[in-house]
Each structure stands twice: as structure tokens, then as C-alpha cells.
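Participant: no letters, just coordinates:
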């Protein structure tokens, strides 16, 4: 007799439990009512002092201590594994756990270094977490579909091959929503991933497992994917208070991964890094693009990491930059803490100036960004997905009989959120018309950006936009409803970096009276807010560059991040 | 009363005739029975000796004589205009003719140079011809649709803006097939463009006007588009014996052009140059990519011309290259002259060696290329077009009532050729499945190419593939049936250069007996051949590079071209 989808899910979950070494399990966990668990790893005696020192090191520090053989890869990988299991117990952020295999690889790297005196590559010995869809040979990539339980990858995805050739040690895979198209992380196999800053809040999606894991320092560097703003790298990174980067289409190889809505060539999903520091982001991006990924994945643009562009050749060599802040998008006004995050950033940029490549200090200008057709752009991307998404999902769930999840709320019947693309599908010709519209929107937005040259005082258009990533910080489960701050960038193909700025402050972020609203959604979002609900939630900003400007977006983000840290150190 | 489509077409054609200065018209043209008109411009007294000297100069020579003020742009533009009108009388290759406007622009450039002593840009004063779809402000871009007569462009396409900023002088637009999707150049407004080497043969499509014009030296440099192999830059370039280059997707800006099947995001059309020398091709590509086209067109890849890649950094710095020849694609064996073209190339490469960047002479290796799934790839691209092409064409012709052309034959009812994509259309979901298949085919073909590293003796995969562009030289009108040599590259997104090698030789290219055939099409193609039918037709080859390797493909083509010219000079 064949198994029901429930039996298959249960069996898979129990295999996952079996894959965790018992001695790493913490038997005295915080109670379910404990909302913030972000500091728990610092207290648990499952982790030694050395485990904590290692897992709280920056990527740069880890790599340098690995290369100098101060720490072995076995040591570092074990420490992160132990902390990842703590994170799993606290937030349910993992899918695949393969300790033996990762430690064998770590040992090989240690032996290589000991024998040859040289590192395998720039990521030598570093454990890396991967969103569930990134295939590793002989490991499942269910992406939350019961239908795909038991499908073991026949080979590595191209990215895993490249990461291994760089010396990295893939060590866990992380949780996602069923279909990858839900904006919160929940599925029938692994359940829900919560936010470690406040477990009554969502970790976001679709890379929610990465967000929660990295926030708890259970991984130094992770890889997520950004399909459509709400379902992204950026939402989980921002909601969980870590750095996250959405590169433009086709710079990081995607070949060999499991995906949703495959063949939808119009709005491309991208892979990108999450980390606790920008040095982790840059290290990943530079290392992967330096490995000629276009020789392994036909979609990847033949373009090496450009040190020139990183040195801001297209931005006056980094002198006197002009940033533009999008305070709101003209559709939904962000909650007070989100607004405060932007204000902190503006003040920090104006106060700090920034250091150019010649170490001279230059002035920053900050102007207001005028939003352009955010509603139309968001609608167009939704319409393009809806052209065939429903049939795609139904085709997959039919294999096991599991239902398509209808809501991300705690009680399924509540239907707080029906975010995913729906619709009965359209013809290829109708899809072409939407895609033509998309091209026009991209052209108009490019022109809109170019036109800012007259307002910056630098002779150039705005160097980067600073924007909210959502009109709220991480909301309660089931309420991550509005994608208008992130989705447009997937259509416009702008790279974007998430930078953590602050946390919800019960005193500073009080609710202010408001009477005029852009839309009904704007009013609903306003009414949803009170600081207590969002207690302790991270506040983050989104730094947006021009298409293909990964190097410059990283450099500009470093300037902003330095200003923010400078401002903090003066408090 | 509204006009019939026939009246609209007649009125437009008569406006075209009125746009030609009467004094440039030749009253003693070759008779209609005269097949080859390729040498007529050298004889006609419409052209002066200086006109001939100018129009027979290379692009490099023209630019240098323009910059040194030996020749004015008014002089050069006038000479090419006169010769273009001769070409028009001989082969019917033009659509839009705007003498006054072009000469005003040429005069401005001359005055600028006289006044400032500096050129406006690297194309200063050079007349450039444009395929009809490339919009110029206030000029029509009908692309052979009666429906679009009278639609005057509101602004320049991005490419025209860039060409003008480089100093070029757009001076004519050139003929195309109705819909741009037919492989020969014929429409209800402008009629048919014939092949100047033998007017009973087709000039190919869809850039057939460019092919005929440049072969007759009526333009030093033209821009065509390559949508799908048969409908391309390459077929007209090869059939008309000129150089032509299909770059990869999104390096040359396409924004603001009129197009067919818009919104079909999967197989992208590209713009590229045609010229009588490789220096024309390189000059165009380098100049345009140096103008940061990504700031004007959101689709363009942010990648400057790479001198490093042109110096063959990815090909052992150009030492000891290995080329692979695809003698046939396993589906249709090429006619004898096409085979001979490949043999000439192989012999020239082996005999010559080639000069590396340090001027040392290196050896070439030539191996056989094993074709990979050419039929499947060709079918996939056809299926993707057919997903919505018919509805696209019908939507446009409905505006004027003109019929969709069913055949490229001289007699429409013969239906020699029903090449265009047909079908009643499919769902968006079905299209996604085809596009997923496409991605897999691209991945497999990339792997196939990478795997050649074991056969080359260089440690690298094959440096470039040399292939026929069709299983025949230019065939009689209506018989350009088989796209399997060009279409796959539009799916695989490989850059490809057309290089003219020889002409059909009545003695060397005799028909050989054959008994085994791959397919019925192979037999039909064999039976169609006799050297007399193809008299004087140019023989060309196609040089194929890796995705995004424009710079290297140009450099490798120069090496092949030099070897071919070296071999000729020894005869």
C-alpha cells in the first residue's frame, strides 16, 4: 500500500530528527512563551567557550584563523553545527542535517592544508548553510513539497561544486515555504520557522530558515534565493536582522538547483548570500564570480568581479556621493520603527561623510526619492507569475496528494494571507503582452533614475536608493502581506543589500495619530501597529543599486554601514 | 473612405520613389535577365571616380580620412548615398531614404571638426545603414507591415542616439520580410530584395536589405538583427558575401526599436553589424559597448568592451588555438560549395598558423566538431515561437487588412516555403515547460563543449566552432528552407561571425553521387543542387564562440580571416 502524504511527511521529519547527534541537543530549552531567544546560544552549556568564540567571529576572522591553522575546519564546522542545532531547537530553521559528511570534508581540508601548506581556495574550511533548494549530491531538496521527499540529488548544483572548489564546507540546508512562493516559512514536512528575536513573529520567506539560523549565529554565511521580493533573501534578512544581498539576474550560478515555477523565463530568481557582516557578503560574491561560473551554467553572465566597479569608477570614484531615501512608496506608509531606521541612516550619512578609496573624507548628500509606479510594477510581476503559477503548484502537489497551503496564519482556516500567485492561467500570447509591459516599465524606471542627475549636485544620477524593505518590521505569523517595497526590484532587476540598523523600541516607536491614508491597505497596516506586538523586532534598510552593479552596491553598502556603525559608537 | 491596404502600400512606395534625387537614378540599368549585378556599380557613370574610391574603402580607411579631413562627411555620405541608390535600383534593398536630413547631419559634423579640430567620436562622419526596425525620430519603421505605414517614430531608438553620439550618420533604412520572421526579404510595401551576385537567388532574411546593400558597397557599415537564425544577420551576410556578426543577448541596445513577437522574453533578438571587413564589425561593436548602453537600455549587460578578452585571455592568450569544424549537422549534408568553403578554411588554418599578440607565430589545430541535438534544439526554438507567433502576426495585419504572406516563392500560390512559426497557440504553463526544456538543452550543450577539452591538445575546450550557415549557398527565391545551422545559436546564445570565403565554382563544385541520406529533407536538398542554379553565389562560413564571448569571437575571426586571405594571396 502506498503511504499518505501525512505519513511521508512524518517519516521524513523523523529521519531529520535521527540525523541530529543526541549530545548536541539541549534538554532545557526556553519555554514556548519565551518570545526572544536571540541570546539563548550565549547561555546554553551545549556550547563551549571556544564554540562561542568561533561562532561569534566574523567571516574574515574565521577565514584568517582557518588559513593560519589557529582553528581547524573540523573545529569550526563542529562549533557551527552545534550552534545550528541550538538554532533548530529554538526556531525550527533546518531541513537537511548531514554531520558525518560535512566533517569528513572538513577533515580533508585540514589534511590538505597541513600537507601542502596552502589553502584550497578563499573559503578554505568555512562552513556554509544552503537554502533547501540548492542541491547537494545524494541529499534531498524537497523545498517543502511532500511530493519531493525521497528525491535524492544525482549531483551537486553548480554553486555547490564551486563552493567546494573554493574550500567551503556545506553543512546544513535550511527551511522554506511550500512552493517557495509564500512570504513566510512554513510547509507540511518541516513546519514553521519562527523569528529568533520574537517567536510570535515570522522569520519571513522564502529564505526564512537562513534568516533565523544566521541571526542565531548558527552559520557564518548562508545562501538564499530571491524570487520575488516577498519571497526572497531580503525579507528574511531584514526581519531577522542580518545582512542579505540580492544580486542582479545571472551573476551567481543557479543551474542544478530545485526550483518552483520553472521555465518562467521572465522574472528570474537569483541566489545570493546572507551573513552577519558585509565582509561575509563580499567574500562570497567575489569568490564565486571569480570562479568563471559561466563555464558551468549557461545562464551566467561572462563578467568577472570588477575591482574597478567596486572602487566606484561609475560613482565619481566614490567622492561626494548622493543617496536618495524613499520614505514611503506612495501606497503604504511604513510603521514608526521602519521610518526611524531611515532617519538614523540619513543622520549617520550626513554626520559621517565617508572615506574614499584614497582615504580622504568626502561629504554625502541625501535627497528624497520619488517613487515611480510602484503599484503598477508590483501588479505586473504578480500577473506574470499568475500566468501559470497555479498549474505549476497543482502539478507538483498532485504527485503526493498534499494540499496547497492557503494561508501562513497559525490557524490555516483563518486565511489571513492568500499571498501566493493564483488564477486559472492565461495564454502564451497574453503572457507576452504582460512581458512587453514589463519591459516598458523597466525602461521608464531607468529613465526616472537617470533623470535624478539634475537634483543630486554631483552631475551623476542618485548613487543608490535607500528604502524600507517592507512597511513593517517582522509581523506576527500570517501577516506578511505587502510586497510593494521588495517585489519591484525583482522586475527592475536592481541589486539590493539589506543592512540591519536598529530594533523596535517601545519608547521611541510609539504609534502616532494619522487620519489620511493612501489606500485601504495603508489604513489596515496602520491599524495593525502597536509597539508591543513587534517587540524586539530588527529594523533594517534596503540599499538599491543599478542593474548589474553588484560591485558598486556592495561598496556603497559598506560606506552606509560604516556610517551607521560610526554613529552608534558615538552614542 | 478609408484606404485599402493595397492603396496604403502603393502610396508609401510612391513616397519612397519621390525621396530619391532624380539625378542619382541610372537610366541604363542591366536587363532583368542579367543575374549578377555585383560589378555594375564599378561601371555606371552615376558614380564618379572619387565616389568609387570612397565607397570601396574600408571602414578604417574611411574613418581615418574623415578624421584627417581628407574627405568631408558630406562627400562620403553623398558617395555612399549615390551608390545605395544604384543598389536599390539593382536589388530593391532600401525602405527609408532621407537625403536632406543625413546631409544636414554630415555638414554639422564637418563644421564641428573644422571648428574644434576634434572628432565627435570614433565613428565621426561615417554613414551607417539601419535595418528598417531601428527607429529614427520622425521616420517610419513599418518592418514590412502595411499596418504600420504612417507611424512615424516619436524618438530615436537608443542605438541611433548612441551612433549619433559616436559621430555616425544614419542615411538609409533597409528592407525586411513582413513580420521579420520570414527567411527571405519580401513584403507588400517594398517588394522583394534580390541577391546582387545572382538576382534569381534570395538575399536571405530578415536583414536581407542590409546584405544586398553592403555587398554592393552602398553602405560601409550596417546594423541588422538576428532573431532566429534563418531570420537573422547571418543568413543575409553569408548569402550576400559580407561579414556579419550576431552578438550574444543584450550587449547591443535594442530599446526603442520596432519589433515582432514582442514580449517573447525567452529567445531574444539581438542587433549586430554587417560590413565588408572585420574592421567594420569590430569598430562598431567596440564603439557601441564603450558608450555605457546599460544607462539607456535596461536590458543591456553592464560590461564594457574587454580588451583583455579580445587579447584572448580565455584562450591561452591566443597561443596554439584549436578550432573544430562541423562538416555537417547530422541532419542535412551541405551542398558541395559549402563543403569546399570549410575545406579551404581548414587548409588555410593549418597552413598559416597565426600571429599571437606578441607577433610570434603559433600553430593551429583543427578537429571535427560532433553535432549535439541540433534537431531537438531547432524544434524547441520553433515551438517557443509558435506558442504565440500566429496571434501576434494576425493582431498586426488585422489593423490594415493585409494578408499574412504564406510563401516566399515568386508565385505566392506555390507555397514553396511555409517557414514562419504557425500554430493556434498554447497556454503560458505549456510555454514554461518548453522554456524549461530550453534551459536543459543549453546546459547540455555547454557541457558538450566543455567536454572537448580532452580532445584539443591545448588543455582548453575547442576555442571556436567553424560551421556552415546553411546547407546551401543562397538558394532560388522561396527555397531558403532549412534553419538547423543558424537557429540553434539563437537558443544557445552563442555569438557567431559570418566570413566570406569563396564563390560557387562551376568546375570545382560539381554534383557528386550520393545514395544514403539522413532524412527526406537531406535528400530533397541534395536533389535541388546543381552548380548552374547557384552560379556566382558567395560561399561563407560561420565562426561560433561561447556565450558572452563577443570580444574573443571577433579576435578568433580575425585570425581565421587572416589565414584565409593569406591562403588566397599565395594562389
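Facilitator: Happy to help now that I have it. The model shown is predicted, which means the values in this text are computed figures rather than measured ones.

Participant: what's the pLDDT at the residue nearest the centre of chain A?
Facilitator: What sits nearest the mean C-alpha location of chain A, by CA atoms, centre = their mean, is residue A:233, with 2.1 Å. On the pLDDT scale, residue A:233 is placed at 98.

Participant: who's in contact with it?
Facilitator: A:207, A:210, A:224, A:225, A:226, A:244, A:245, A:246, A:272, A:273, A:274, A:498 (CB atoms under 8 Å, 6 or more residues apart in numbering or on different chains). Bear in mind the C-beta positions are built from the backbone N, C-alpha and C, glycine included.

Participant: what pLDDT is listed against the fifth one?
Facilitator: Note for residue A:226: predicted pLDDT of 97.

Participant: name whatever forms a beta bridge with it.
Facilitator: Residue A:226 has these beta-bridge partners by DSSP bridges: residue A:270.

Participant: hang on, it packs against residue A:236?
Facilitator: No - using CB atoms under 8 Å as the test, residue A:226 is too far from residue A:236 to be in contact (10.0 Å).

Participant: counting neighbours, what do you get for residue A:450?
Facilitator: By the criterion of other CB atoms under 10 Å in any protein chain shown, residue A:450 has 15 neighbours.

Participant: cool, and residue A:18?
Facilitator: Burial of residue A:18 is recorded as 9 neighbouring residues (other CB under 10 Å).

Participant: OK, contacts around it?
Facilitator: Residue A:18 neighbours (CB under 8 Å, 6+ apart): none.

Participant: neighbour count winner among residue A:226 and residue A:236?
Facilitator: When residue A:226 and residue A:236 are compared for neighbours, residue A:236 comes out ahead with 40 against 28, by other CB under 10 Å.

Participant: isn't the more buried one up against residue A:215?
Facilitator: No - in this structure, residue A:236 is not within contact of residue A:215 by CB under 8 Å, at 9.0 Å.

Participant: still on that earlier bit, list residues touching both of residue A:226 and residue A:236?
Facilitator: Common neighbours of residue A:226 and residue A:236 (CB under 8 Å, 6+ apart) are residue A:207.

Participant: buried ones in stretch A:120-139?
Facilitator: Buried positions in stretch A:120-139, judged by neighbour count with 16 or more other CB atoms under 10 Å in any protein chain shown: A:120-136, A:139.

Participant: is that stretch positioned near chain B?
Facilitator: No - Stretch A:120-139 does not reach chain B (CB under 8 Å from any CB of the partner chain); its nearest approach is 13.5 Å.

Participant: now do the end-to-end distance for that stretch.
Facilitator: Using CA to CA, to the nearest Å, the end-to-end distance of stretch A:120-139 comes to 24 Å.

Participant: now do that stretch, average pLDDT.
Facilitator: In the prediction, stretch A:120-139 has an average pLDDT of 98.

Participant: is any residue of the longest helix anywhere in chain A near chain B?
Facilitator: When chain A is parsed with DSSP state H, its longest helix is helix A:428-450. Yes - for helix A:428-450, a contact with chain B is found by CB under 8 Å from any CB, at A:428-439, A:442-443, A:445-446, A:450.

Participant: would you agree residue A:330 is in contact with residue A:519?
Facilitator: No - using CB under 8 Å as the test, residue A:330 is too far from residue A:519 to be in contact (9.5 Å).

Participant: restricted to helices, list the contacts of residue A:233.
Facilitator: residue A:210.

Participant: tell me which two in the contacts of residue A:233 are the farthest apart.
Facilitator: Largest separation among these by CB to CB: A:225 and A:498, giving 14.2 Å.

Participant: which parts of the stretch 251-400 of chain A sit against chain B?
Facilitator: Within the stretch 251-400 of chain A, the positions near chain B by CB under 8 Å from any CB are A:255, A:261-266, A:294-299, A:301-303, A:387-388, A:391-392.

Participant: among these, which ones are buried?
Facilitator: Counted by 16+ other CB under 10 Å, those give A:255, A:261, A:263-266, A:294-299, A:301-303, A:387-388, A:391-392 as buried.

Participant: which SS class is the closest residue to chain B within the stretch 101-250 of chain A?
Facilitator: For the stretch 101-250 of chain A, the residue closest to chain B is residue A:248, as judged by CB to the nearest CB, at 8.2 Å. For residue A:248, the assignment made with DSSP: H, G, I helix; E, B strand; the rest coil gives coil.

Participant: ok, back up a step: restricted to helices, list the buried ones among the residues of the stretch 251-400 of chain A next to chain B.
Facilitator: Those of those lying in helices (DSSP H): A:391, A:392.

Participant: show me the shaky parts of the stretch 301-450 of chain A.
Facilitator: The stretch 301-450 of chain A contains residues with pLDDT under 70 at A:354-360, A:411-420.

Participant: strands along that one, start to end?
Facilitator: Taking DSSP state E, counting those that start in this stretch, the strands of the stretch 301-450 of chain A run over residues A:322-325, A:354-355, A:361-362, A:365-368.

Participant: now render the ones you listed as a markdown table, adding distance to residue A:22 and mean neighbour count.
Facilitator: Below are those laid out as a markdown table (distance: least, CB to CB, whole Å; neighbours: other CB atoms under 10 Å in any protein chain shown):
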| stretch | distance to residue A:22 | mean neighbour count |
| --- | --- | --- |
| strand A:322-325 | 51 | 22 |
| strand A:354-355 | 50 | 18 |
| strand A:361-362 | 55 | 12 |
| strand A:365-368 | 54 | 15 |
